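Enquirer: how would this look folded up:
(one chain, ligands or ions: 2)
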Amino acid sequence: MNVLVTDPIADAGLDRLREAGHDVETAYDVEGEALLDAVADANALIVRSGTEVTEEVLAAAPDLVIVGRAGIGVDNIDIDAATDHGVIVANAPEGNVRAAAEHSVAMAFATARSIPQAHDRLKDGEWAKGDYLGTEVNNKTLGVVGFGRVGQEVAKRLGNLGMDVVTFDPYISEERAEQFNAELVEDLDDCLEAADFLTIHTPLTPETEDMIGEEELAQLEDGYVVNCARGGIIDEPALAEAVADGILKGAAIDVFAEEPLPEDSPLLDVDDVIVTPHLGASTEAAQVGVATSTADQILAAFEDEPVVNALNAPSVDEAVFSRIRPYIGLTETAGKVAVQLFDGRVENVDVTYAGDIAEEDVELVTASALKGVLEPLVGSVNGVNAQGIAENRGIEVTETKTNQAEDFQSLITVEVGDGEDSVQVSGTQFAGDDERIVRIDGYRVDAIPHGHMLVARNEDAPGVIGFIGTVLGEAGINIAGMFNGRGTIGGEALSVYNLDEEPTDDVLARLNDDERIIETKHISLNGA
Ligand SMILES: NC(=O)C1=CN([C@@H]2O[C@H](COP(=O)(O)OP(=O)(O)OC[C@H]3O[C@@H](n4cnc5c(N)ncnc54)[C@H](O)[C@@H]3O)[C@@H](O)[C@H]2O)C=CC1
Ligand SMILES: O=C(O)C(=O)COP(=O)(O)O
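Expert: Ligands and ions are numbered 1, 2, ... in the order given. This next block holds a predicted model:
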């Protein structure tokens, strides 16, 4: 497989991919047409914050399976577009958390003690001792906006250095805040009022964009602001002005609305705003951590294993995956059989899980049923885009769980219908990877789903099966296996044939012309 890396990541990640036999190409700083050319044959793309992964980039990469973000923030990746293209987006949410937290703490101290300013002057030969009277963090209040992984680590560290911590995060519980000795406040205003130091740790979202503007900064009077989260959350001109006018004592900023090099940012012109070029994640340990984690996500995606940090695909842990794995292919097959037997326009897909499988997290299995149903209709479908494609086509998807699995340990039934008619196909998995279709529309069968199949509904009368065999034989089509299921004796029967070749339209017409045959259908499971 081809892995394209467009932002620098640690060798440990690149080596892991190469050792697994993949071609890894690095193309740092490519953009525009060059990026579109570079992704053309990529199966995986690895980025940090430097590459914009747009709809255009995704459209230029028809073989792309996964975008790996070697870090946390994914605001540079169009996840909805990736989902539409069936491309997994996975980040590495753990590796750089401590690095970002430590940088935030370092920046808080650096602004509170004017370290960069004093450093510059001393290097210029000036002993400016009298100009700097700093602020201690001890006995001050830290306001943390966004109490996720990084926010919590910052709270822990600065809490241990004598600060009281208040936090504003509408999506966490009071208990969570208490675990870190932080007081959860209801409004951003309460946080701003209380804080001497404000530190931002939210993602950049439509909700957080420009969340801190002139009014908010005014409430922090005489305080300090630290932003090592994302540019765009704080209004840069408002912050520059608040610091320049002495409303705030200082600000420490690692991230900018425009990167790299925020040439037009007024923050660069204000002495008491100290800046670093998006260095929060730049430690050796963090870079090894995110690079190896990203490589692992990519290897998992290539192997059809669960991508644990996938942001747009159902994901389960290894233990659950090993239990549901046998049912993923089976359920896709049941979906493929059902949709080929169904004559109407598919309006609903119902997947029923019976027996042991009903105890599991089956989101991935349902996605595979949808893949089976939808792929013959719309082309490339996978666990990432299956639900979205179903939604776009107005197909209602339901999951039912029951402990009634007849004599089977687990039985999965995929039903496709249009509100009036429907087709049901049930499958099970016997020991040793032995997949079977065991019910079609309630008829008991025992069919090995494979290659070309013929499903016939016919009168349960002497000679019908012989007739079908003769017609196939005359056409030179070998029957590899045959399974007959019937309702009542002399009533209707359903038989399933595994064929070595595809039956021609003529063969199907000959069979369907016989009055004892209600209908025959060719099912293709090539690749299954
Ligand atoms: N400067 C750098 O190099 C680095 C920057 N980051 C950035 O730091 C930020 C935090 O990362 P994590 O802690 O891992 O993310 P996280 O997802 O663990 O935490 C984010 C928190 O923000 C909260 N939040 C979301 N919307 C909010 C709102 N409107 N108001 C208040 N809180 C809100 C969420 O509930 C969540 O608890 C991200 O923007 C990430 O990209 C992370 C690592 C390095
Ligand atoms: O992980 C994040 O969110 C970061 O901001 C780190 O960005 P980077 O990987 O250094 O471009």
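
Enquirer: got the residues of the stretch 1-150 of the chain near ligand 1?
Expert: I72, G73, P93, N96, V97, A100, V145, G146, F147, G148, R149, V150 (CB under 6 Å from any ligand atom). (Each C-beta comes from the backbone N, C-alpha and C, glycine too.)

Enquirer: now the strands for the stretch 401-528 of the chain?
Expert: 410-417, 422-430, 434-440, 443-447, 451-459, 479-486, 492-499, 517-525 (DSSP state E, counting those that start in this stretch).

Enquirer: Between the ones you listed, which one is closest to ligand 2.
Expert: strand 410-417 (39.3 Å; CB to the nearest ligand atom).

Enquirer: Give the pairing partners of that closest one; include direction for each.
Expert: Using DSSP bridges, the strands paired with strand 410-417 in its sheet are strand 348-355 (antiparallel), strand 422-430 (antiparallel).

Enquirer: Adding mean neighbour count, write those strands out as CSV.
Expert: Output for these, formatted as CSV (neighbours: other CB atoms under 10 Å):
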stretch, mean neighbour count
strand 348-355, 21
strand 422-430, 22
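
Enquirer: Quick check: which of those strands is nearest to L511?
Expert: Nearest of the strands paired with strand 410-417 to L511, taken as CB to CB: strand 422-430 at 19.0 Å.

Enquirer: Distance check, the residue lying closest to P8 once chain neighbours are set aside against A44.
Expert: Once flanking residues are discounted, P8 sits nearest to Y28: 5.6 Å by CB to CB, 6 or more residues apart in numbering. Between Y28 and A44 the computed distance is 16 Å (CB to CB, to the nearest Å).

Enquirer: and what of E406?
Expert: From E406 to A44 the distance is 43 Å (CB to CB).

Enquirer: now swap in L133 and tell me
Expert: Counting by CB to CB - L133 and A44 are separated by 53 Å.

Enquirer: Count the neighbours of the residue lying closest to D196 once chain neighbours are set aside for me.
Expert: Spatial nearest neighbour of D196, chain neighbours left out: K140 (4.0 Å); criterion: CB to CB, 6+ apart. Counted with other CB atoms under 10 Å, residues neighbouring K140 total 19.

Enquirer: Pretty sure K140 sits against L198.
Expert: No. Using CB atoms under 8 Å, K140 is not in contact with L198, being 11.2 Å away.

Enquirer: pLDDT averaged over stretch 70-85 - what is it?
Expert: For stretch 70-85, mean pLDDT rounds to 96.

Enquirer: Quick check: buried residues in it?
Expert: By neighbour count on 16 or more other CB atoms under 10 Å, the buried set for stretch 70-85 is 70-78, 81-85.

Enquirer: which of these are close to ligand 2?
Expert: Near ligand 2, judged by CB under 6 Å from any ligand atom, the entries from the buried residues of stretch 70-85 are G71, I72, G73.

Enquirer: My reading is that the first one lies in a strand. Confirm?
Expert: No. According to DSSP: H, G, I helix; E, B strand; the rest coil, the state of G71 is coil, so it is not within a strand.

Enquirer: Please tell me how far it sits from Q424.
Expert: Distance from G71 to Q424, by CB to CB: 46 Å.

Enquirer: go on, the second one?
Expert: Going from I72 to Q424 by CB to CB gives 44 Å.

Enquirer: What of the last one?
Expert: The gap separating G73 from Q424 is 45 Å, by CB to CB.

Enquirer: on that earlier part again, which SSE is the residue nearest to P8 in?
Expert: In the assignment (DSSP states H and E), Y28 maps to no helix and no strand.

Enquirer: And for it, the neighbour number?
Expert: Neighbour tally, Y28, other CB under 10 Å: 12.

Enquirer: same check, this time on E241
Expert: Quick note: E241 (other CB under 10 Å) scores 16 neighbours.

Enquirer: Who are the contact partners of it?
Expert: Taking CB atoms under 8 Å, 6 or more residues apart in numbering as the criterion, E241 is in contact with E214, P266.

Enquirer: Am I right that it is in a strand?
Expert: No. Per three-state DSSP, E241 lies outside any strand segment and is helix.

Enquirer: so what pLDDT did it get?
Expert: 98.

Enquirer: if I look at it, how far off is D269?
Expert: 11 Å.

Enquirer: Please report the distance of the residue of the chain most remote from its centre from A493.
Expert: Most distant residue from the mean C-alpha position of the chain: P462, 55.0 Å away (CA atoms, centre = their mean). For P462, the distance to A493 (CB to CB) stands at 12 Å.

Enquirer: As a markdown table, the strands of the stretch 401-528 of the chain with mean pLDDT would be great.
Expert: Shown next, in a markdown table, are the strands of the stretch 401-528 of the chain (pLDDT from 0 to 100):
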| stretch | mean pLDDT |
| --- | --- |
| strand 410-417 | 97 |
| strand 422-430 | 96 |
| strand 434-440 | 94 |
| strand 443-447 | 92 |
| strand 451-459 | 94 |
| strand 479-486 | 88 |
| strand 492-499 | 93 |
| strand 517-525 | 94 |
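
Enquirer: Would you tell me which one of the ones you listed is buried the most?
Expert: strand 410-417 (a mean of 24; mean count of other CB atoms under 10 Å).

Enquirer: now the angle from that one to strand 434-440?
Expert: Strand 410-417 runs at 50 degrees relative to strand 434-440, counting by axes from the mean of the first three to the mean of the last three CA atoms, to 10 degrees.

Enquirer: chain center to strand 410-417, what's the gap?
Expert: How far strand 410-417 lies from its chain's middle: 26 Å, per CA atoms, centre = their mean, to the nearest Å.

Enquirer: What about the residue of the chain found nearest ligand 1, how many residues nearby?
Expert: Taking CB to the nearest ligand atom, ligand 1 has its nearest neighbour within the chain at G148, 1.7 Å off. Close neighbours of G148, defined as other CB under 10 Å, add up to 19.

Enquirer: Distance-wise, check the closest residue to it other than its chain neighbours relative to ligand 2.
Expert: Distance criterion CB to CB, 6+ apart; nearest residue to G148, sequence neighbours excluded, is H201 at 6.3 Å. Taking CB to the nearest ligand atom, to the nearest Å as the measure, H201 falls 10 Å from ligand 2.

Enquirer: just A291 next, same as before
Expert: A291 is 10 Å from ligand 2, by CB to the nearest ligand atom.

Enquirer: For the protein, give me the ranges with low pLDDT.
Expert: Applying pLDDT under 70 to the chain picks out residues 527-528.

Enquirer: from the middle of its chain, how far away would the biggest helix by length in it be?
Expert: The residue-count maximum for a helix in the chain (DSSP state H) belongs to helix 318-341. Helix 318-341 sits 20 Å away from the centroid of its parent chain (CA atoms, centre = their mean).

Enquirer: Stretch 100-120 too?
Expert: 36 Å.

Enquirer: ditto for stretch 154-163
Expert: The answer for stretch 154-163 is 33 Å, by CA atoms, centre = their mean.
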